[in-house]
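1. Quick one: sequence and predicted model below, then my questions.
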Amino acid sequence: MVYNVVGVTIWTDNLDQLRQFYRDILRLPVHSDHGDFLAFEWGDMRFNIGSHQLVNGTTNEPYRVMINFGVKDIQKEYLRLITEGVQFIRKPEQEKWGGWVATFKDPDQNILQLLQFVNPQDV
């Protein structure tokens, strides 16, 4: 029986650019860096990026998988990322359920979201 999700990995042929994006622009805390595979601390999980010989170019189906990054102040993080040149495809908007969502792309054109819950302590 599966009891938990323990990690998520994005494979790329553009690791240097993704490393700079996730580490320096999104400011995810690095757990380990093995040159061709980088793991970030992500609560009880690991978020990873790595080089893979069977991955070429940007994603062909960017909406197939969407990763949500929890934030406590979506407006502040949105403005910070805009100044870093991050390409947003949806500005922060409040959802019917009360939380806030903003959608953006990484350098491989993977679709990501900032997610702010109704109660910031839920992040």
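-> Nice, I can see it. Bear in mind the structure is a predicted one, so any value in this text is a computation, not a measurement. Numbers count the residues shown, from 1 in each chain.
2. Now do the helices in this structure.
-> With DSSP state H as the criterion, the chain has helices at 15-19, 74-83.
3. other SSEs contacting the longest one?
-> It refers to helix 74-83. Contact partners of helix 74-83 among helices and strands, from 3 or more Cβ pairs under 8 Å, 6 or more residues apart in numbering; DSSP states H and E: strand 87-94, strand 100-105, strand 111-116. All C-beta spots, glycine's among them, are computed from the backbone N, C-alpha and C.
4. got JSON lines for those, with mean pLDDT and mean neighbour count too?
-> Below are the helices and strands packed on helix 74-83 laid out as JSON lines (pLDDT from 0 to 100; neighbours: other Cβ atoms under 10 Å):
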{"stretch": "strand 87-94", "mean pLDDT": "97", "mean neighbour count": "13"}
{"stretch": "strand 100-105", "mean pLDDT": "97", "mean neighbour count": "19"}
{"stretch": "strand 111-116", "mean pLDDT": "97", "mean neighbour count": "21"}
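5. ok, and what's touching stretch 51-62?
-> Contacting residues not belonging to stretch 51-62 are listed as 11-13, 15, 36-37, 105, 107-111 [Cβ atoms under 8 Å, 6 or more residues apart in numbering].
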